[in-house]
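# What follows is a predicted protein model with its sequence.
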Amino acid sequence: MLRELFPNVVIEDLKVAANETFYMTGISVLGTLIIGILLGLMLFLTDRQGKTYKILNFITATIVNVFRAIPFIILILLLFPFTDWLMGTIRGPKAALPALIIGAAPFYARLVEIALKEVDKGVVEAARAMGAKTRHIIFKVLLPESMPALISGITVTAINLISYTAMAGAIGAGGLGDLAYRKGFQAWDFDVVFACTILIVIIVFIFQFIGDFLSKKIDKR
Amino acid sequence: MLRELFPNVVIEDLKVAANETFYMTGISVLGTLIIGILLGLMLFLTDRQGKTYKILNFITATIVNVFRAIPFIILILLLFPFTDWLMGTIRGPKAALPALIIGAAPFYARLVEIALKEVDKGVVEAARAMGAKTRHIIFKVLLPESMPALISGITVTAINLISYTAMAGAIGAGGLGDLAYRKGFQAWDFDVVFACTILIVIIVFIFQFIGDFLSKKIDKR
Amino acid sequence: ACGTGDDTQEDTSSDENQTEENSAEQSEETTTITVGATAVPHSEVLEKAKPLLKEKGIELKIETYDEYVLPNRDLSEGRIDANYYQHKPYLDQQIEEFDYDFVSLGGIHIEPIGVYSKNISSVEEIPEGTTVLLSNSVAEHGRILALFEREGLISFKEGVDPQSATIDDIVENPKDLEFDAKYDPAMLPQYYDREEDVLVAINTNYAIEGGLNPTEDALILEGSESPYANLVVTTSENKDNEALQTLVEVLRSEEIQTYMEEEYNGAIVPVNE
Amino acid sequence: MISIKNLSKIYKSKDKMDVTAVDNLNLSINKGEIFGVIGYSGAGKSTFIRLLNRLEEPTGGEIVMDNKDMTSLNNQSLRNERQKIGMIFQHFNLLWSRTVFDNIAFPLEIAGVAKDERKDKVNELIQLVGLTGRENYYPSQLSGGQKQRVGIARALANDPKVLLCDEATSALDPQTTDDILDLLVNINRKLGLTIIVITHEMHVIKKICQRVAVMDNGKVIEQGEVLDVFMHPKEKTTRRFVQQVMGDQEEQSPIHYFVKNYQSGKVLRLHFVGETANQALISKLVKTFNVEINILQGNITQTKDGAYGTLYVHMDGNKEEIQNAIHYIHQTSVELEVEDHA
Amino acid sequence: MISIKNLSKIYKSKDKMDVTAVDNLNLSINKGEIFGVIGYSGAGKSTFIRLLNRLEEPTGGEIVMDNKDMTSLNNQSLRNERQKIGMIFQHFNLLWSRTVFDNIAFPLEIAGVAKDERKDKVNELIQLVGLTGRENYYPSQLSGGQKQRVGIARALANDPKVLLCDEATSALDPQTTDDILDLLVNINRKLGLTIIVITHEMHVIKKICQRVAVMDNGKVIEQGEVLDVFMHPKEKTTRRFVQQVMGDQEEQSPIHYFVKNYQSGKVLRLHFVGETANQALISKLVKTFNVEINILQGNITQTKDGAYGTLYVHMDGNKEEIQNAIHYIHQTSVELEVEDHA
Ligand SMILES: Nc1ncnc2c1ncn2[C@@H]1O[C@H](COP(=O)(O)OP(=O)(O)OP(=O)(O)O)[C@@H](O)[C@H]1O
Ligand SMILES: Nc1ncnc2c1ncn2[C@@H]1O[C@H](COP(=O)(O)OP(=O)(O)OP(=O)(O)O)[C@@H](O)[C@H]1O
Ligand SMILES: [Mg+2]
Ligand SMILES: [Mg+2]
């Protein structure tokens, strides 16, 4: 039955591609999480009066905006020396990671910034009144209090990263998106496109489900 | 001077491409705004106990997830019949709009959902205690009270759309990203890549500036 | 006799637009033809031909594509009048796959594909287990593999036409070459630049853009025997279209041929049949 | 008007004990009455009032308001009913995105009141709660009391039939509190509004309520006419609240304290229950019997139904005279407690 | 301890009038004292207290706390100072993401207290504010008063030198209020803690404060020993607050009311200023002069420094006798106001 519906689908290909997608998204989500939160905190914390703050804010905003502005394929290219140095290869799923992370982190940084802005000013103030250091405010107030939005944000970003991995196909990173394009679209075999899309949808659902679950569980408001 | 730094850049090309980028992003931001808010509201409002709600929520979530799952290039392709019917063409910037909007709206819908979740339960309750209809709660409470986050969200999405337009180059939509790829990257003329990237950065900054300004201005907390 | 493919297309809704557009231009007594092409060198060559065609009362519109599926599709649906980007084997494969009713109006140039490497300077020196990077364009794979076969590096299953062979058709591979065919064609010169111990099969247009001179730098280069002349293709209904005939004539003219040779350092070989 | 039967609300919790916030509560509130609910923090007052307009779904029981069974209303009818119920929230729940003016106009917009009419009404209310000049401020620019006043104005905007007040004045200074309470009494009289007042401030109850219920642990442990409850508080909780408005003498200086300080005579606790005749008691005692009376501590106040209050006095003199005086007091309606010095 | 000079805070606004929330305020607060600040809603009390730990940057003026100029501290020193200042917020400001336990532990974490020690301390505090059994609840599961108690426990966690209380008890019932106030007095005595109490409830001031300042419109309009202010309120605002704790007699039944009700005699307002000698006054009057005295209304209470309060009495009898009695009263320290019947 399946064979008839998907005559051109090679199960092995799908497995490999799904693995690649998982690998790339999984690791780059982690990287994006860390760098995105760092950048987002920078954006949020430097957004106030004072010359030093203004300058820092401008620098962070510039970094974030520039990396979001560069078309992904060109970003991959620009990062080649860096990728080579860091990952020891500029081909395949591993080589896609720096570009994926650097492409997604500025984006997540903005979501982090939005989430942090929603934290009740009152509790930040309460912490300040207790003599909290910025470190305390970050780790004990800002991050925990914005956690549901941070989690929803990384969920959104993770799903975005899945689309990015499709573009990372250009450097042989593979993945389901690339498989859909190469073996499906190019060969005009839409059963392959369809199979890949279904798998991606499933992955998206899994991500979304985990994200929703965590975000809801953690929300004690 | 500029001529020396950018020997391969054709000003006219840049102008056209910038226009295309503006056109595509501008219109698709509008479309995304409307559809995204609709979907986001659906996601938010159906997220509660009750069988009908559960079903509606599942349907909306599926729509949102599926459209986010399909690789953009394949989405463009799948939408050809629809695009043709709606826009009367399947080439050029105009033809890119449906795919851009349908690609970005589910994404924005998630951001809308996150923003709505941050609205103080107390005020929603106050409105309910006044006998507000869902319509009132949406237009008089949820949307206004989440406005800063909605604006920041559409800013993020708009900037994402700029990257999407680069991919829309596949159907001759043009735009700066496409110009950078075709006339810059493919033709190994990195001055063109650079010029395009600068322009995109500028556009990104403009979007971000407008977004930040509005979001800050509207935030009376 | 406006010279467009419109009259052959009744079943696509975009027809109407096309017709309107053209009838508007008709009144100025010029004929407009829309030709789809990939960026380099096809678009550039067409660009060069524009003024020459204008002299003959033909307005040439160039539609540039990034990939290789849509130009044929658009042609079959009448969105363009002709395309100029593909070679015979690809055209045949496409016709077979999609039942296109296309004809070639003639070849214009050959872009000899080449295999390059920074460190490996001759076929004999290719070490065992070397990786070969190919573009992700499935249609090109046979053409490249045929070169490897020609050099005796691999051989195919019996009965397989080298030009349409796939990696899976390889039976003998004494040097244990590892074919990796997942890369964006425009990326390949980058790999040539950065990965010194691999073989990279680069389409000539990208090789040129990447600063390579195929005749000098290629380890293996396609000869003039190649069936891969780039064709001007149109639908069979349109094959007698005068404007398109003129286009082919102009593209084969002295002026354009000289342009191709000079502009592309002889790495693009003009053809005449 | 409002009749509540066996109402209960249990907050279920997976990992913690369930909390029975409202426990089998029965109550009936008359039309046009101002009904007070007092109780300690966590007694379930807020939960109770939120059950009334079904902001919280009851776990069990029945609420009949104006002959309508609130617990079985469909959505549309519930909305209609709610438009007739104003509510003042303990935590204000103002929309930060709206100015003072627009916050107050909010329920009017929901009820579909025309713009001009809305404007007049809102301006009237702004004046009423003393926020003139602050119309265009946002909640974040207001003090706590100012926010509460916006909340009050908002609750009144729709000329509701029932007004639910959850600690409406606890963030307010006495002057503003009085103004608001006067306002509540006024509209109660003028419009026959039924008001349910939740508070922990007994003087609010005293000042405006006709009847009061005392909640403890989700239950109504005592209820009745305010004066009755004041005069004869049965439960310890109630007594504690009554003390609040009568001054916290017993707390600070219980009768034992006085007793210890006097070597001779007796310390008496005189409880006046609202009859003017008794006001001359002390004078009469001093004149009639050969005793001396020191007023130690006490509070006499006037309610609608007459004066009442408690006085601690020290009565000194010849033992027999004191006995006679006490005997005399027993014949009046003044309640007496005698504490010998130990 | 704390000396405040010319402190002012102006909220600037582009499109609206500037608000001078604190206006050239001068005040000095002694070490170990419990200092009260009262004032109407919007008087600037919260702003004032927030200026003290620089949650709000002053527009002008100087705050010297413990010999440190708060206004010129650098960030590090400001943080250190703040760890010694506990603060209870009007709106609780609890972290919703933390349980009751963890909310209270929060300042201890910041101060770097070890885990075991933290646990003991927090449990002690939970018991103190009566939240035992609620340790693992989240703020959203608590009633208003319970939230406030968490806020109080949190403010005390760090054994602060100075405690700033912004309406710490206004969401609480009288029993809890008393418990909390007792607690404050206790730690004030034991640890020599300086406490600044902002409230609109005069009985809080009365119960625990040594000195009080009355704020109006951003200014201190009156200040002094609590008893002094109680006895001789100069400003109208102050009088209004004093009435609150003395019962709202004047409001409800002003002296004119009594005057009208009596055809003969005089209505006297006797103000006792805290000397036990005067407690027998009425008894003495009745005995010495041929007059009859009815106690109409009043409140006598005891502070640390003695009893004080007001009684309205009706004195009837022969005109001359009344005159003599009045003359006698003038010789005591009891303050007298005479109101002839109109
Ligand atoms: N951010 C602000 N912008 C403008 N005005 C403000 C701001 N914060 C406070 N105000 C104004 O400053 C004045 C003093 O406010 P404050 O909060 O200090 O009053 P308060 O005495 O604490 O009153 P309450 O007893 O009602 O809490 C008020 O009139 C208020 O409207
Ligand atoms: N969502 C909830 N989940 C669990 N317990 C809750 C929840 N809401 C309230 N409670 C509990 O129900 C009880 C009653 O709360 P309620 O808010 O009705 O008290 P209250 O009488 O209004 O007190 P206060 O005077 O302090 O406002 C409290 O013990 C509280 O902890
Ligand atoms: Mg409550
Ligand atoms: Mg305040």
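Now that the structure is in, tell me what you want to look at. Ligands and ions are numbered 1, 2, ... in the order given.

# Report the mean confidence score over the lengthiest helix in chain A.
As assigned by DSSP state H, the longest helix anywhere in chain A is helix A:11-45. Averaged over helix A:11-45, pLDDT sits at 93.

# And the next helix or strand past it?
Once the chain leaves helix A:11-45, the next helix or strand it forms, by DSSP states H and E, is helix A:51-69.

# quick one: buried residues of that next one?
A:56, A:57, A:60, A:61, A:63, A:64, A:65, A:66, A:67, A:68, A:69 (16 or more other C-beta atoms under 10 Å in any protein chain shown). Every C-beta, even on glycine, is put in place using the N, C-alpha and C of the backbone.

# If we check chain B, which of the residues you listed are in contact?
Near chain B, judged by C-beta under 8 Å from any C-beta of the partner chain, the entries from the buried residues of helix A:51-69 are A:61, A:65, A:66, A:68, A:69.

# Which two among these are spaced furthest apart?
A:61 and A:69 (11.8 Å; C-beta to C-beta).

# so residue C:214 makes contact with residue C:112?
Yes. If you go by C-beta atoms under 8 Å, residue C:214 and residue C:112 touch, sitting 6.0 Å apart.

# Those two: which is more packed in?
With neighbours defined as other C-beta atoms under 10 Å in any protein chain shown, residue C:214 and residue C:112 compare such that residue C:214 has more, 24 against 21.

# any idea of the pLDDT on that one?
The confidence metric pLDDT takes the value 80 at residue C:214.

# contacting residues around it?
C:112, C:114, C:204, C:207, C:208, C:221, C:267 (C-beta atoms under 8 Å, 6 or more residues apart in numbering or on different chains).

# now do 7 Å
C:112, C:114, C:204, C:207, C:221, C:267 (C-beta atoms under 7 Å, 6 or more residues apart in numbering or on different chains).

# Distance of the residue in chain C that ligand 1 sits nearest to relative to residue D:318?
Relative to ligand 1, the nearest point of chain C is residue C:66 (54.8 Å; C-beta to the nearest ligand atom). Residue C:66 sits 119 Å away from residue D:318, taking C-beta to C-beta, to the nearest Å as the criterion.

# So for those two, which residue has more residues nearby?
More neighbours surround residue C:66 than the other of residue C:66 and residue D:318, with 19 against 12 (other C-beta under 10 Å).

# Quick check: the more buried one vs ligand 3, distance?
Using C-beta to the ion, to the nearest Å, residue C:66 is found at 65 Å from ligand 3.

# Read off the pLDDT value for that residue.
73.

# what sits against the residue of chain C closest to ligand 1?
Contacts of residue C:66 by C-beta under 7 Å, 6+ apart are B:169, B:170, B:182.

# Hmm, which of those residues is lowest in pLDDT?
Within the contacts of residue C:66, pLDDT is lowest for residue B:170, at 71.

# Any stretches of chain C with poor pLDDT?
Chain C contains residues with pLDDT under 70 at C:1-29, C:224-225, C:266, C:273.

# what about the helices in it?
With DSSP H as the criterion, chain C has helices at C:15-26, C:44-55, C:70-76, C:88-98, C:141-150, C:188-194, C:204-209, C:214-217, C:242-251, C:254-263.

# And for chain D?
Under DSSP H, chain D gives helices at D:45-52, D:75-83, D:100-110, D:115-128, D:144-156, D:174-191, D:202-208, D:226-231, D:236-246, D:249-252, D:255-261, D:281-288, D:319-331.

# Find the closest residue to ligand 4 in chain D.
residue D:144 (4.2 Å; C-beta to the ion).

# That residue contacts residue E:90, doesn't it?
Yes. Between residue D:144 and residue E:90 there is a contact under C-beta atoms under 7 Å: 4.8 Å.

# who touches both of these two?
In contact with both residue D:144 and residue E:90: E:46, E:167, using C-beta under 7 Å, 6+ apart.

# hmm, back to that, make a markdown table out of the ones next to chain B among the buried residues of helix A:51-69 and add distance to residue E:69 and pLDDT.
Formatted as a markdown table, these follow (distance: C-beta to C-beta, whole Å; pLDDT from 0 to 100):
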| residue | distance to residue E:69 | pLDDT |
| --- | --- | --- |
| A:61 | 36 | 90 |
| A:65 | 42 | 87 |
| A:66 | 44 | 88 |
| A:68 | 46 | 84 |
| A:69 | 48 | 84 |
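
# Just give me the closest of these to residue B:114.
For those, the nearest to residue B:114 is residue A:68 (18.8 Å; C-beta to C-beta).

# for the closest residue to the closest one other than its chain neighbours, phi and psi?
Spatial nearest neighbour of residue A:68, excluding adjacent residues (C-beta to C-beta, 6 or more residues apart in numbering or on different chains): residue A:106 at 4.7 Å. The phi and psi values for residue A:106, taken as degrees, to the nearest 10, are phi -60, psi -30.

# follow-up on the earlier one: and the gap between the residue of chain D closest to ligand 4 and ligand 2?
Per C-beta to the nearest ligand atom, to the nearest Å, residue D:144 is found 15 Å from ligand 2.

# Next up, the contacts around that residue.
Neighbours of residue D:144 in contact, by C-beta under 7 Å, 6+ apart: D:171, E:46, E:90, E:91, E:167.

# Give me the pLDDT for the residue nearest to the last one when sequence neighbours are not counted.
What it means is residue E:167. Closest residue to residue E:167 apart from its sequence neighbours, by C-beta to C-beta, 6+ apart: residue E:90 at 4.6 Å. Here the pLDDT value assigned to residue E:90 is 84.

# Burial check on the residue nearest to residue A:68, number of neighbours?
By other C-beta under 10 Å, the residues close to residue A:106 number 27.

# Could you double-check that it lies in contact with residue A:67?
Yes. Contact criterion C-beta under 7 Å: residue A:106 and residue A:67 qualify, at 4.6 Å.

# Give me every residue in chain A lying close to chain B.
A:65-66, A:68-74, A:77, A:107, A:110-111, A:114, A:117-118, A:121, A:148-149, A:152-153, A:156, A:159-160, A:163, A:166, A:177, A:180-181, A:185, A:193, A:197, A:200-201, A:204-205, A:208, A:221 (C-beta under 7 Å from any C-beta of the partner chain).

# just checking, which of those residues belong to helices?
Those of the residues of chain A next to chain B lying in helices (DSSP H): A:65-66, A:68-69, A:72-74, A:77, A:107, A:110-111, A:114, A:117, A:121, A:148-149, A:152-153, A:156, A:159-160, A:163, A:166, A:177, A:193, A:197, A:200-201, A:204-205, A:208.

# Quick check on the residues you listed: which are buried?
The buried subset of those - by 16+ other C-beta under 10 Å - is A:65-66, A:68-69, A:72-74, A:77, A:107, A:110-111, A:114, A:117, A:148-149, A:152-153, A:156, A:159-160, A:163, A:166, A:177, A:193, A:197, A:200-201, A:204-205, A:208.

# burial measure for residue C:122, as a count.
Neighbours around residue C:122, by other C-beta under 10 Å: 9.

# Just want the phi and psi numbers for it.
phi -150, psi 160.

# which residues does the closest residue to it other than its chain neighbours contact?
Spatially, and ignoring its direct neighbours in sequence, residue C:122 is nearest to residue C:219 (7.1 Å; C-beta to C-beta, 6+ apart). Counting by C-beta under 7 Å, 6+ apart, residue C:219 touches C:115, C:116, C:117, C:120, C:123, C:199.

# before we move on, the earlier item: tally of neighbours for the residue nearest to residue E:167?
24.

# Hmm, it is touching residue E:46, no?
Yes. Residue E:90 lies in contact with residue E:46 (C-beta under 7 Å); the separation is 5.9 Å.
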